[in-house]
Each structure stands twice: as C-alpha cells, then as structure tokens.
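Participant: A structural model of the following input is requested.
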Amino acid sequence: MRSMDDNAIALIPAAPVAVRSRDTDYPYRPDSNFLYLSGFEEPEALLVLIPGRKAGEYLMFCRDRDVEKETWHGRRLGVDRAPAALGADDSFPIDDVDEILPGLLEGRQHVYHTLGKNQTFDAQLLGWLKKSRMARRSSDDPDAFISLDYHLHDMRVLKSRAEQKHLKNAAKLSAKGHVAAMKTCAPGMMEYELEAALIHAYKREGGEHAFEPIVGGGENGCILHYTENNQKLNDGDLVLIDSGAEVQGYAGDISRTFPVNGQFSEAQKELYNIVLEANLAGIDACKPGNHWQDPHDAAVKVLTKGLKNVGILKGSLASLIKKEAYKPFYMHKTGHWLGLDVHDVGDYKIDGEWRLLESGMCLTIEPGLYIGNVRGVPKHYRNIGIRIEDDVLITATGCEVITGDVPKTCDEIEALMAGA
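Facilitator: The predicted model follows:
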C-alpha cells in the first residue's frame, strides 16, 4: 500500500476454478499474487487494499460457512474466522461483493488491478464502476487503471526469510523425489514409472508437483519440454528428469540425468562432465554484484569449449561463442527466477541493462546439451540429452545451492544406483 497513492484502491482476485471436463475441475491453485499477499488458498475470494482509509485497510471477501456445501465439497474458512486467520482488518461474504464494492470504489482516482487475466472479474469490475459512477459526480471517476504486476513482481523477486524457508523445504522435497527415481530406475521400466516415483515422494510428505514432470529416456531427453512420459527406458540410454515439488505454494525445480542401467558409457560420461562443469561455473558466477547474464556466459564458455574438445564443434573458441555455434545443442538460457511460480516473475533487465544479482534472489542454474541424431556428429554422441539443474539462493557473500541433496557427479550417481 505504501507504493500506491492515498486516493487509490487495489483489487486482487483469487484465480477462478478451471473445468477439466464436464463436471470435473483441475486441482485448484490460487493466483500467485493473491497467494503472496494473503496465504489464502480457497477459490471465490477477493483481496482489497485501501491505503487512504485509517492506516490502510486490508479487506477480504470470501465464501461464508455452509454446512451442506461443505459436506459435498470440503471445509471453508468462513467470513467470521478470516480476519484472525489471514491478518485482515475485516472480511465480507463474496456473495455480497456486488453491493459492497461500488461503495468502496467511490472517490478512488486510481484502481490498481491487472486487466486481462480474468475476464469474468474484469466484467464485474466494470459493472461496479458503472454503479459507483451513478452515485457520484462524473469528475470523481477513476482516471486510470494501474497494473499491480510491476509493484508486486518486483517485491516477489526478493525473498523474505519466511519465503527462503519455504523454498528450501521445496528443494529438499524435490531432491527426495529425484533420489527415489534414481533408486527405482532399471532397464525395461516405463518413463511414467519414474514419474510415479517422483510424485509419490512429493505426496507422501504433503507436497504437490509444481509442474508436469519431464522424464525423457534416450532421444526423448533432447526434447526440452517432453511430458508424454510413455516410452520404455532402454538399457544403455540416459534418462533426463526435470521435476520439482511445491510446498506452501513455493516451487522446487531440479534436473538430473543418469544412466538407465546405473553405469555411464565413456561417451555419455564425456558429455555429462562438460555439462557438470558448466553447471558449477554458472553457480560460481551467482553472487551479489554480478548481473543476470554472468552465469549464462560462464556456462556457455564451458559448453562451447567442451563441444570443441570432443570434435562436435570446430574453430577458435572466441569465434564459436561469438557466432553462437553452440545453439543447435544448447538453445535455452542457463536459468530463470524461482518462487511461487516455477518460472517466477521479475524483470531480467532494468533500463535495458541486465539486472544485478542481490541477496534474497532465487534462481535456477540449468545448463544442458541436447545432441540428437545429427549428421556430422560422431554416432556415439547422438541421441544424448543432458541437463543438470540446481536451485540457488543469492546470499550476502555469494550463493547457497539448496538442491545439493541430489547426487550430480558420475561417481555419486553410480554409487547411489548401485546401492539401490
């Protein structure tokens, strides 16, 4: 509210329930901005901030208690309990929002709300404004809609101590899922069996999967967002897993690549160690004062040099980097912000310049190599996809890798799988 003017009001609705098919809904997840500000996880809710009233008011509209509906669909917090549970100044039934909101909008010159995310709510808001306009002079009409995204997204880039705790818990649970998948894996299994091992590890400790797991064996590991997960895992192939748990709304995001049979071939090990060195170089570049692009540049240099050393690329290192010769085999950035969303909000550039890393930021470091059945590449390197991804918190003096519970050297992975 301190970033708004006193003559403003902010409206942040929870996400609508999404229908999967007929009378079946997708699992409910609130809008991340709504969750960030309230911690409230029920649908049919609206958060209202009014900075100019008293010392600033936080109001919550939510569903009232209903014995019959709760018998069918589960317990509700209810209007009476909402202020104490959510820290709100007051709460109202969501069914009364059409009567109450027009009065709250009166005299407000700026409405902070991000249009276009929820068209049903946008239409409601226009109706409230019309009703409010009829009750006052037209000169008092709001003169601007202002998106909340700029203010909230910049806040969400810097994680509080409580948020860092949630992120570490999500990272630890994500790590347990990856270790379970490594221990479970054997030739002849299906990709979805490893997916089940991941989700089982998350669910058994009260977590959810933050996104649909990627489990790509062999050539499927070269598809960046492969989610079919329906093919057999063959002896001699690698399997690439990209998956993370969600805890208290915060996401983990880990990628590991390991041999289906528990033993890297020499060619696999060569390429794997290139990616591992790039992962470590990217992490080393994560410290306050460096900018967002520094970890990527460090990883690209290692990957390009490695591809040159094994004969996949030819030419001088500087020239290969300048002309981006690595891009057929490494086509994405080395990381992204991480938080309430897996690809979390926040600008990567400010005024056209790469953003400087600061203590409290959380990002991923995830270099990879994806070498399909490409003519001109030695056959023993083909159909190998490798990605090694860790979650990193920027600290005052450097960084903390919060996903270190998952093995990532060849020897560590082979030892874990042999022990299983």
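Participant: only C-alpha atoms for contact and neighbour calcs from this point on.
Facilitator: OK.
Participant: Roughly how far does the residue nearest to residue 171 when sequence neighbours are not counted sit from residue 282?
Facilitator: Closest residue to residue 171 apart from its sequence neighbours, by CA to CA, 6 or more residues apart in numbering: residue 252 at 4.8 Å. Distance of residue 252 to residue 282, given as CA to CA, to the nearest Å: 18 Å.
Participant: From start to finish, how long is stretch 343-359 in a straight line?
Facilitator: Stretch 343-359 has an end-to-end distance of 19 Å (CA to CA).
Participant: buried residues in that stretch?
Facilitator: 344-346, 348, 355-359 (16 or more other CA atoms under 10 Å).
Participant: Filter those down to just the ones in strands.
Facilitator: Judged by DSSP state E, the subset of the buried residues of stretch 343-359 located in strands is empty.
Participant: tell me the pLDDT at the spatially closest residue to residue 56 that is not a sequence neighbour?
Facilitator: If the residues on either side of it in the chain are set aside, residue 56 comes closest to residue 50, at 5.6 Å by CA to CA, 6+ apart. For residue 50, the model assigns a pLDDT of 96.
Participant: Compute the number of surrounding residues for residue 50.
Facilitator: Using other CA atoms under 10 Å as the criterion, residue 50 is surrounded by 23 other residues.
Participant: got it, and residue 361?
Facilitator: 22.
Participant: again, but for residue 58
Facilitator: Applying other CA under 10 Å, we find 21 residues neighbouring residue 58.
Participant: Which SSE is immediately downstream of the strand or helix carrying it?
Facilitator: Assigned by DSSP states H and E, residue 58 falls within strand 57-62. Counting by DSSP H and E, the next helix or strand C-terminal to strand 57-62 is helix 67-73.
Participant: Using CSV, list the CA coordinates for that following helix.
Facilitator: C-alpha atoms of helix 67-73 as CSV (Å, rounded to 0.1, in the frame of the first residue of the first chain):
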residue,chain,number,x,y,z
VAL,A,67,-22.9,-26.9,6.2
GLU,A,68,-24.5,-28.5,3.1
LYS,A,69,-21.8,-27.3,0.6
GLU,A,70,-19.0,-28.2,3.0
THR,A,71,-20.5,-31.7,3.3
TRP,A,72,-20.1,-32.1,-0.5
HIS,A,73,-17.0,-30.1,-1.3
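Participant: Return the set of buried residues in the helix or strand that it is followed by.
Facilitator: Sequence order places helix 82-86 as the next helix or strand after helix 67-73, per DSSP H and E. Neighbour counts over helix 82-86 (16+ other CA under 10 Å) mark 82-83, 86 as buried.
Participant: and helix 82-86, what other elements does it pack with?
Facilitator: strand 90-93 (3 or more CA pairs under 8 Å, 6 or more residues apart in numbering; DSSP states H and E).
Participant: Quick one: distance of the strand it packs on to the chain centre.
Facilitator: Centroid separation for strand 90-93 versus its chain: 31 Å, with CA atoms, centre = their mean, to the nearest Å.
Participant: how about it: buried residues?
Facilitator: 90-93.
Participant: Tell me which other helices or strands it touches.
Facilitator: strand 57-62, helix 82-86.
Participant: per-residue confidence averaged over the next helix or strand after that strand?
Facilitator: Using DSSP H and E, the next helix or strand after strand 90-93 towards the C-terminus is helix 97-105. Averaging pLDDT along helix 97-105 yields 95.
Participant: How about residues contacting helix 97-105?
Facilitator: Residues from elsewhere that reach helix 97-105 (CA atoms under 8 Å, 6 or more residues apart in numbering): 9, 61, 128-129, 131-132.
Participant: Which parts of this protein are helices?
Facilitator: For the chain, helices defined by DSSP state H occupy the ranges 32-38, 67-73, 82-86, 97-105, 119-134, 149-157, 161-184, 191-203, 266-284, 294-309, 317-322, 410-419.
Participant: Can you say which of the ones you listed is nearest to residue 256?
Facilitator: helix 161-184 (7.6 Å; CA to CA).
Participant: Run through the residues that contact residue 285.
Facilitator: 294-295, 298.
Participant: Next: residue 326.
Facilitator: 300, 303-304, 307, 313, 320.
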